[in-house]
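**Student:** Next comes the sequence, and after it the predicted model I'd like to discuss.
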Amino acid sequence: MFRMGFYPEYRGHLCLLFPFLCDWRNVRRFGMPSVFIKTYGCQMNERDSEAVAAQLVAKGYVVAPEEADADVILLNTCSVRDAAEQKALNKMQTLIGQTRKHNPDAVLGFMGCMAQSRGQELIDQLPDVDLVLGTQKFHRAGEYLDDLLGGRRDKVVDTAEETGSEATIREHLSLGASEAKAVTAFVSIMQGCNQFCTFCIVPYTRGRERCRSIEDIVAECRELVAGGVREITLLGQIVNSYGKREIGVRDGKSAFVQLIEAVHEIEGLERIRFTSPHPKGYGDDLVEAYARLPKLVENAHLPVQSGSDRMLKLMHRGYTRERFVDLVGKLRAADSEMGIGTDIIVGFPGETEADFDETLSLCAEVEFDNAFLFKYSQRRDTPAAAMPDQLPESLIEERHARLLEAVDVIRVRKLKEYIGRQMEILVEGPSRRNAARLEGRTRCNKIVVFEGGERFIGQVMDVQIADATKTTLYGDPAILNLN
Ligand code: 5AD
Ligand code: SF4
């Protein structure tokens, strides 16, 4: 049985075949099965979907542009909040209604976090679903789909644990795809989480922490850079826990800093990012790495969750507000341009007005460049779901709206401060809002839109910031250091 994860040498063939496989007309001509994958949730999920798509393309599948045309439709699901689960369930119900009419043989599947946490229950609830693929089984998608399409099996549910599955998310669609050369790429360095924050379902859906080896990750990064990628984001639930047990500290450097150093050596790579670190284990070696390693860009996404020590303790976060503020101070001292983002949960059980005020005051004190706000959602089997004082939805909504307004004012004011400045950007491609323009990102993670031709894509260049909206900077290329 061919599986990309274990046959890295096959990628040579994939490179040659990719443009042919991507030509939608070949599906009709040669009867290749087509697949459409819809992704919910975080960047880890985006990355898993890409790896599954690459695995299937290598087996002869074609990526369908529209779900209506596909022989296989997969929903890669998120369980972090109930709303995300409901979205995927509603989508599947709609798909069943539409697809079963005009394409009764289409294979419909759930994969990812909700597939892992609900398993067989999903098929009991929606008997038209054919495949339920857990978070340690993405590399088996191809063999299961072959069986389902070939009529050898009627249903497949696989949510078992699998040793070594953390090393199977390594194939990229962009490799060798001449018409879709990516400038940026995500690389999964580990799976799982051992922190067990009391609100969070992830340790149950993704399992315990398991990391890939530095050599394996660097090899993947090298291939990406050889294929034209210039910025790599290292992904994990808590990236600064990377290799704690397996690799350990060497010369005063944590395993994660050792990994960044190894990736930093890759010639042709311009930028390194990572997401997400946890404030708890964010060591001085990682703070110092920003000043020492020029490819490590000035950006940190540091989920704080709450400004109240009482809430942080109930959430089992492992740090205090003071420690968090100290860390932000250290990061800004290491580089004054540091962009700081965060995640905040509003309405955790027992959150009082005074606790919420602490979150408001933390936001005013830290002045986050970007804050993602989440309304607390009760998750099955988590300790917080059984805590007393679950707040009414109306109160959560009201606090969410107040906090949103407060963080928006800060974000927009900080964005406007860039007007008139010259910023270095990496040009990623056409703007998502207006394909006639280009879009790039500053080192501190601000999106910059500007007028320019295709030849700029993949270039690091300076732009003069002329304007700012609520989320985006607008620039004029001041082509001083085009390289
Ligand atoms: N309710 C609301 N938000 C949550 N998050 C995780 N679990 C929950 C939950 N039960 C948020 C956290 C985390 C982000 C990815 O999702 O803020 O950092
Ligand atoms: Fe969830 Fe906490 Fe682990 Fe993040 S650190 S994945 S919030 S348990």
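**Tutor:** Ah, there it is. Ligands and ions are numbered 1, 2, ... in the order given.

**Student:** CA only for contacts and neighbour counts going forward, please
**Tutor:** Fine.

**Student:** pLDDT below threshold where in the stretch 201-350 of the chain?
**Tutor:** For the stretch 201-350 of the chain, no stretch has pLDDT under 70.

**Student:** tell me the secondary structure for the residue in it that ligand 1 sits nearest to?
**Tutor:** For the stretch 201-350 of the chain and ligand 1, the shortest gap (Cα to the nearest ligand atom) falls at residue 343, measuring 4.5 Å. Judged by DSSP: H, G, I helix; E, B strand; the rest coil, the three-state class of residue 343 is strand.

**Student:** tell me the contacts of it?
**Tutor:** Contacts for residue 343 (Cα atoms under 8 Å, 6 or more residues apart in numbering) come out as 302-305, 371-374.

**Student:** Buried subset of those, written for PyMOL?
**Tutor:** With 16 or more other Cα atoms under 10 Å as the criterion, this PyMOL line picks the buried residues out of the contacts of residue 343:
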select buried, resi 302+303+304+305+371+373+374
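
**Student:** The contacts of residue 343: which ones sit near ligand 1?
**Tutor:** 303, 305, 374 (Cα under 6 Å from any ligand atom).

**Student:** ok, which stretches of the stretch 301-450 of the chain are strands?
**Tutor:** 339-346, 370-375, 422-430, 438-442, 447-450 (DSSP state E, counting those that start in this stretch).

**Student:** And the helices in the stretch 301-450 of the chain, which stretches?
**Tutor:** Assigned helices in the stretch 301-450 of the chain, in chain order: 309-314, 321-334, 353-366, 393-416 (criterion: DSSP state H, counting those that start in this stretch).

**Student:** could the ones you listed be laid out in TSV, adding distance to ligand 2 and mean neighbour count?
**Tutor:** Shown next, in TSV, are these (distance: least, Cα to the nearest ligand atom, whole Å; neighbours: other Cα atoms under 10 Å):
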stretch	distance to ligand 2	mean neighbour count
helix 309-314	11	18
helix 321-334	15	17
helix 353-366	17	17
helix 393-416	18	16
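
**Student:** Which among the ones you listed is found nearest to residue 236?
**Tutor:** Closest approach to residue 236 among the helices of the stretch 301-450 of the chain (Cα to Cα): helix 321-334, 20.1 Å.

**Student:** Alpha carbons of the closest one, as CSV, please.
**Tutor:** What follows is helix 321-334, C-alpha atoms only, in CSV (Å, rounded to 0.1, in the frame of the first residue of the first chain):
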residue,chain,number,x,y,z
ARG,A,321,-0.9,38.3,35.2
GLU,A,322,2.4,39.8,36.6
ARG,A,323,4.5,37.0,35.0
PHE,A,324,2.7,37.5,31.7
VAL,A,325,3.2,41.3,31.8
ASP,A,326,6.9,40.7,32.6
LEU,A,327,7.3,38.4,29.6
VAL,A,328,5.7,41.0,27.3
GLY,A,329,8.2,43.6,28.7
LYS,A,330,11.1,41.2,28.1
LEU,A,331,10.0,40.6,24.5
ARG,A,332,9.6,44.3,23.8
ALA,A,333,13.0,45.0,25.4
ALA,A,334,14.5,42.4,23.1
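
**Student:** tell me what that helix is packed against?
**Tutor:** Helices and strands touching helix 321-334, by 3 or more Cα pairs under 8 Å, 6 or more residues apart in numbering; DSSP states H and E, are helix 284-292.

**Student:** still on that earlier bit, could the helices of the stretch 301-450 of the chain go into CSV alongside distance to ligand 1?
**Tutor:** Converted to CSV, the helices of the stretch 301-450 of the chain look like this (distance: least, Cα to the nearest ligand atom, whole Å):
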stretch, distance to ligand 1
helix 309-314, 12
helix 321-334, 15
helix 353-366, 13
helix 393-416, 11
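
**Student:** Could you export those helices as a markdown table, including distance to residue 284?
**Tutor:** Formatted as a markdown table, the helices of the stretch 301-450 of the chain follow (distance: least, Cα to Cα, whole Å):
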| stretch | distance to residue 284 |
| --- | --- |
| helix 309-314 | 22 |
| helix 321-334 | 8 |
| helix 353-366 | 19 |
| helix 393-416 | 27 |
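
**Student:** wait, which of those helices is closest to residue 454?
**Tutor:** For those, the distance to residue 454 is smallest for helix 393-416, at 26.3 Å, taking Cα to Cα.

**Student:** tell me what that closest one is packed against?
**Tutor:** Looks like helix 393-416 contacts strand 339-346, helix 353-366, strand 370-375, strand 460-468 (3+ Cα pairs under 8 Å, 6+ apart).

**Student:** Now do it, average pLDDT.
**Tutor:** In this model, helix 393-416 carries a mean pLDDT of 97.

**Student:** one step back: among the strands of the stretch 301-450 of the chain, which comes closest to ligand 2?
**Tutor:** Closest to ligand 2 of these is strand 339-346 (Cα to the nearest ligand atom; 9.3 Å).

**Student:** before we move on, the earlier item: mind putting the strands of the stretch 301-450 of the chain in a markdown table, distance to residue 217 included?
**Tutor:** Converted to a markdown table, the strands of the stretch 301-450 of the chain look like this (distance: least, Cα to Cα, whole Å):
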| stretch | distance to residue 217 |
| --- | --- |
| strand 339-346 | 25 |
| strand 370-375 | 29 |
| strand 422-430 | 23 |
| strand 438-442 | 24 |
| strand 447-450 | 27 |
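
**Student:** Tell me the residues of the stretch 101-250 of the chain that contact ligand 1?
**Tutor:** Proximity of the stretch 101-250 of the chain to ligand 1, by Cα under 6 Å from any ligand atom, involves residues 199-200.

**Student:** Of all the helices of the stretch 301-450 of the chain, which one is nearest residue 258?
**Tutor:** Nearest to residue 258 among the helices of the stretch 301-450 of the chain is helix 321-334; the distance by Cα to Cα comes to 18.7 Å.

**Student:** Mind listing residues that contact the closest one?
**Tutor:** Under the criterion Cα under 8 Å, 6+ apart, residues 279, 282, 287-288, 290-291, 304, 307-309, 338, 340, 366 lie in contact with helix 321-334.

**Student:** Next: stretch 244-263.
**Tutor:** For stretch 244-263, the surrounding residues in contact (Cα under 8 Å, 6+ apart) are 214, 218, 221, 239-243, 272, 285-286, 289, 293.

**Student:** Could you dump those into CSV with neighbour count and distance to ligand 2 added?
**Tutor:** Listed next are the contacts of stretch 244-263 as CSV, based on neighbours: other Cα atoms under 10 Å; distance: Cα to the nearest ligand atom, whole Å:
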residue, neighbour count, distance to ligand 2
214, 19, 22
218, 20, 24
221, 25, 24
239, 24, 10
240, 23, 11
241, 25, 10
242, 28, 13
243, 23, 16
272, 22, 21
285, 14, 20
286, 19, 18
289, 17, 22
293, 15, 26
